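Engineer: Give me a 3D structure for the following:
(one chain, ligands or ions: 1)
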Amino acid sequence: MIYPKCAECKDKPCTRGETDPSILPAFCPIKNHKEVIDEVSERYASSDIYDFFLKSALTEKQAYEPEPYRENEIAIPVRPRVKELSAFAGLIGAKRLGLAFCSGLADEAGRASAILRDHGLDIVSVVCSCGALDKTALGIPADYKMRKPEVFEAACNPLLQAELLNRSETDFNIIVGLCVGHDMLFTRHSKAPVTTLIVKDRFTGHNPLISLYTRYHRFIR
Ligand code: SF4
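Structural biologist: Residues are numbered from 1 along each chain as shown. Below is the predicted model:
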């Protein structure tokens with residue numbers, strides 16, 4: 001298989017509707033996987049996907065000032081992601097949302113919960129340390145603890161977070177700062193669709209973009 005490498009494509013001609021193979025890079029999936037594009041395009045016709053997809057497009061459109069803007073003019077955004085989440089919930093008819101959050105971002109989770117409740121949503125929330133289990137109780141070796149091996153250290157419990165939100169029948173779930181790995185386990189075990197409000201990045205104050213914009217971070221190994 002010729003693997004897609006869109007991140008390495010300088011000009012991204014697909015954004016202008018270009019499909020001429022002579023101007024597409026060698027790793028371009030438009031050039032190499034036309035049959036996949038055709039097959040996947042048909043999937044959007046399924047009613048559950050189409051409705052979700054349509055409301056996603058509308059959410060994107062409504063994220064900008066409503067005035068039509070001229071060609072090449074930058075559209076002006078009008079709302080933050082937390083507002084996007086409640087707007088999207090309104091469009092798809094979601095009433096109960098789940099928050100799966102890290103205890104290290106408990107304050108932020110409380111703020112997010114309060115804002116979303118103010119927007120009329122029922123918020124169910126589960127912290128990562130729910131269950132109050134020591135890491136060793138879930139099979140983590142004691143010397144993997146961050147502090148002294150004999151001292152209690154709460155295990156992150158993404159499967160429990162997913163299970164409690166599954167039983168709460170949330171319409172979709174929102175990640176607030178789960179660790180790398182735990183976030184994937186949570187996503188894999190959540191029955192409801194999962195989106196992210198805050199991505200954890202301890203080093204940058206949860207703003208991983210900073211690492212991409214400063215040359216100093218490039219040399220961190
Ligand atoms: S789809 Fe093709 S043209 Fe578009 S970014 Fe990827 S490699 Fe570039």
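Engineer: Identify the residues contacting K55.
Structural biologist: Shown in contact with K55 (Cβ atoms under 8 Å, 6 or more residues apart in numbering): F88, L91, I92. For every residue, glycine as well, the C-beta is placed using N, CA and C.
Engineer: got the end-to-end distance for stretch 65-80?
Structural biologist: 13 Å (Cα to Cα, to the nearest Å).
Engineer: average pLDDT across it?
Structural biologist: For stretch 65-80, mean pLDDT rounds to 80.
Engineer: Now tell me what touches it from outside.
Structural biologist: For stretch 65-80, contacts defined as Cβ under 8 Å, 6+ apart pick out Q62, A63, Y64, A87.
Engineer: buried set for stretch 110-124?
Structural biologist: A112, S113, I115, L116, H119, L121, I123, V124 (16 or more other Cβ atoms under 10 Å).
Engineer: brain fart, stretch 204-219
Structural biologist: Per 16+ other Cβ under 10 Å, stretch 204-219 contains these buried residues: H206.
Engineer: Other residues contacting that stretch?
Structural biologist: Under Cβ under 8 Å, 6+ apart, the answer for stretch 204-219 is L105, G177, I198, V199, K200, D201, F203, I220.
Engineer: Tell me the buried residues within those.
Structural biologist: L105, G177, I198, K200.
Engineer: still on that earlier bit, can you say which two of the contacts of stretch 204-219 are spatially most distant?
Structural biologist: Across the contacts of stretch 204-219, no pair lies farther apart than L105 and I220, at 22.5 Å, counting by Cβ to Cβ.
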